[in-house]
Each structure stands twice: as structure tokens, then as C-alpha cells.
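*Asks:* coordinates only, sequence not included:
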């Protein structure tokens, strides 16, 4: 006999997914938000930890929920005998290396299958694979409520919404201090990775010399070997790759078609791309996806096999999507029927030109993708799966 959910404490820190997951969780239980001013995923200020303890004692929840894994939340739940449900929406999540991952209270859902395989052995009984999803009803309401005359300003041939990662590219600040040999080696593996349509080779290409040089420049990297390699390959090299790859792709296609770029990143050195400003994630982004003829997704390569949030959101808004190929895409979508994939920047440009020419084909694919996500891949469905997995519903 499964348990009936009564109360859920939702640990909130500002993730853009929080309103959508709060709405979905509210359909299975009574949600009580706990808002923390600290986004630090490892160890929170002592007063925040104490307030969470008090909140659990007064609310007596069935479980505490958070987006991504917080070590102190797990510690508090372990101490107080309450389940802790965490749902990763990012890669990498550094805290998955914390000792708290093994706590018996943990029920951790990971959206990237490679991430799941990597960390499952740390907590066999409390780690699960679960892809991301979309809040279709909320996004459709946003689109419907936008006046038609206002929607026009969001129309475009090609739109890209997202970071250019230059502001997150911490590897750049180390370049002046690295040896010429190491800089050349980094450039080489970045170029090889850019030209591989699938897979991530960065971690296996790390050499002892490269690691030692970076550790000498960044003492914070003096940690256990596995975690150190993970951080260097996913954070430092991965974000440098993302910054290089996104700029290169956007500049290449914008030389032949009209591209609108919505970002908070610095675009002063971008050529041809039309900077459309920033986009509010809740009020504007769904309309952009709906009104653009083609939406582009360029996956951050630290997501090795999984499907990023952008894919679910574009399809959930009824937008047409062209994305780089990810291994898990074929588990949930029919490529060429529900969305489209590209293998290189040259292939991307050819497909953009084709789909701009054939409106009916493009619209049919967008509609198919929308119907698939609406029926099978909403956050309501994901929460239902979570609850069944952990013994509710």
C-alpha cells in the first residue's frame, strides 16, 4: 500500500525550474517553500541550517525537495529522519562528490544518464535516472496571454536564447600563465572536441602536466583525483569549449541568415548576429520559442548524453527546434519528425536554409514535437514518476 503525500518542504534558491516544479509538486501534496539566500550547494550558513531544522520540526513533512543536491539539506534530513529528494537539472553538479551523497535519506534523480551511471555506485539504493521535462500548460498560458501585436517583436528566422559562456570561462584567466606547450595542447583538444558530433573526450585527454599546471595556479583544485579531473574537464575545459563553440557556430550561420540572439553575455565582439537583449525566462522565452521559425540549441558538452532543458522547453512551446545530437534524444524523439539535429556548423546552416524554405514541413515537425512533450514529458509526469519511485502515489 503506497503512502499518501501530505506535506513537502521545497528548498528554493533561485533556479529557473523552481516555479514549474513547485506547480507540479503542488498537485501531489501541500508545498511549503523554504527560501535560502545562499546558493552555495555544499555548506550553508549556520543560521540557515538551524532554520531548516526548525521548519522540519514544525511542518513534519513527508520529504524535503530541492533542485540539484545540497549537502547541508541532506545532513539535516539525515539527522531528523526525513527523506530528501533532489532532482539534478545541471551538469556538472560538484556536490555529487560530497560524503553526504551516501546518506540513507537521499533519493536523488539525475537527468543525464552518464551522470547517473557515474554516481550511482556511491548510493546504489537512492540514485535514479530521470530526464527533464517541460511545464507545457504554464508556457502555453504565457503564449496565449501575450497580445498578438506584442508577439510580433519576438518573430525571427532563427533564434538562440542562452549564455555565450564567456563570462563563465575561467580558463581564460590562466592562459597567460600556462606554458606554450600546455596552451597548444588545450587548443588542440578543444578543436578535436568541437569537431566530434557526439561524446566528450576532455576528461580522458587530461595529462598530468596539464593538471599540475592548473592546480599550481588554482590551489582550490587540490582535492581527490577523481573530483579534480571532473572539475577541470567539466568546469574549466568544458566552459572554455562552450564559449568557443557557441561563438563560432553563431557567427558562421549568421553570415548567411538572420539570427536573433537573446543573452546576458557580452556580445561586443560578435559579428553579424543581431543582439535582441535579454529574455525573461517566464514572460518572454516561451513566446520567443513559439514565434521564431527556427530555435537553436547548442548543448553544453558537460551534458554527455542527456537532453538539456532547452530542448524540452522549445518543443513544449510548439517551437521548431534544431539541436546538436545527444545520445538520449532517440529514446524520446523521432529525429526529422519531432525535432531536427545537426552534426556540424555546415550541416546546421544547410538545415536552417532548408527549413526556412519549406514552411509546412517545419510546422508539422514542430507540432509533432509539441504533441509528444505535452502527452508524455511534462513535469507533472516527471513528479508522478518520482513519487512512484520513492513509494508514494
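*Replies:* Alright, I've got the coordinates. Computed from a prediction, not measured in an experiment: that's the story for all the values here. Residues are numbered from 1 along each chain as shown.
*Asks:* leaving out chain neighbours, which residue sits closest to residue 344?
*Replies:* Setting aside the residues directly before and after it, residue 344 is nearest to residue 197 in space (Cβ to Cβ, 6 or more residues apart in numbering), at 6.9 Å. Where C-beta positions appear, they are placed from N, C-alpha and C, glycine not excepted.
*Asks:* give the buried residues for stretch 39-52.
*Replies:* Within stretch 39-52, the residues that qualify as buried by neighbour count (16 or more other Cβ atoms under 10 Å) are 41, 43-44, 48-49, 52.
*Asks:* what distance separates that stretch from the centre of its chain?
*Replies:* Put simply, stretch 39-52 sits 24 Å off its chain's centre (Cα atoms, centre = their mean, to the nearest Å).
*Asks:* average pLDDT for it, rounded please.
*Replies:* Averaged over stretch 39-52, pLDDT sits at 90.
*Asks:* what do you get for stretch 294-307?
*Replies:* Throughout stretch 294-307, pLDDT has a mean value of 96.
*Asks:* now do the SS call for the residue nearest the centre of the chain.
*Replies:* Nearest residue to the geometric centre of the chain (Cα atoms, centre = their mean): residue 90, 4.3 Å. Assigned with DSSP: H, G, I helix; E, B strand; the rest coil, residue 90 falls in the coil class.
*Asks:* which residues touch the residue nearest to it when sequence neighbours are not counted?
*Replies:* Leaving aside its sequence neighbours, residue 90 sits nearest to residue 68 (Cβ to Cβ, 6+ apart; 6.0 Å). Residue 68 makes contact with 15, 41, 86-90, 93, 95, according to Cβ atoms under 8 Å, 6 or more residues apart in numbering.
*Asks:* tell me how far residue 68 lies from residue 333.
*Replies:* Separation of residue 68 from residue 333 (Cβ to Cβ, to the nearest Å): 25 Å.
*Asks:* how far away from the center of its chain is the helix or strand of the chain with the lowest mean pLDDT?
*Replies:* Lowest on mean pLDDT, DSSP states H and E among the helices and strands of the chain sits helix 225-231, with a mean of 91. Taking Cα atoms, centre = their mean, the mean C-alpha location of helix 225-231 is offset from the chain mean by 20 Å.
*Asks:* next: stretch 322-339.
*Replies:* With Cα atoms, centre = their mean, you get 16 Å for stretch 322-339.
*Asks:* quick one: the strands in the chain?
*Replies:* 7-12, 30-35, 63-67, 83-87, 106-110, 127-129, 156-161, 259-262, 274-275, 292-297, 321-324, 340-342 (DSSP state E).
*Asks:* average pLDDT for the shortest one?
*Replies:* With pLDDT averaged residue by residue, strand 274-275 scores 94.
*Asks:* and the fifth one, by the same measure?
*Replies:* Across strand 106-110, pLDDT averages out at 98.
*Asks:* packing partners for that strand?
*Replies:* Where contact means 3 or more Cβ pairs under 8 Å, 6 or more residues apart in numbering; DSSP states H and E, strand 106-110 is packed against strand 83-87, helix 113-119, strand 127-129, helix 379-389.
*Asks:* which of these sits closest to residue 346?
*Replies:* With Cβ to Cβ, the closest approach to residue 346 among these belongs to helix 113-119: 27.2 Å.
*Asks:* ok, residues contacting the closest one?
*Replies:* 88, 91-93, 96, 101, 108, 110, 127-129, 304-306, 327-328.
*Asks:* try 10 Å
*Replies:* Outside helix 113-119, the residues that touch it by Cβ atoms under 10 Å, 6 or more residues apart in numbering are 69, 88, 90-93, 96-97, 101, 108-110, 112, 127-131, 200, 226, 230, 302-307, 326-328, 331.
*Asks:* list only buried entries from those.
*Replies:* Buried subset of the contacts of helix 113-119 (neighbour count, 16+ other Cβ under 10 Å): 69, 88, 90-93, 96-97, 101, 108-110, 112, 127-131, 200, 230, 302-307, 326, 328.
*Asks:* so residue 137 touches residue 378, yeah?
*Replies:* Yes - the criterion here is Cβ atoms under 10 Å, and residue 137 meets it with residue 378 at 7.6 Å.
*Asks:* more neighbours: those two, which one.
*Replies:* Ranked by neighbour count (other Cβ atoms under 10 Å), residue 137 and residue 378 place residue 378 first, with 21 against 16.
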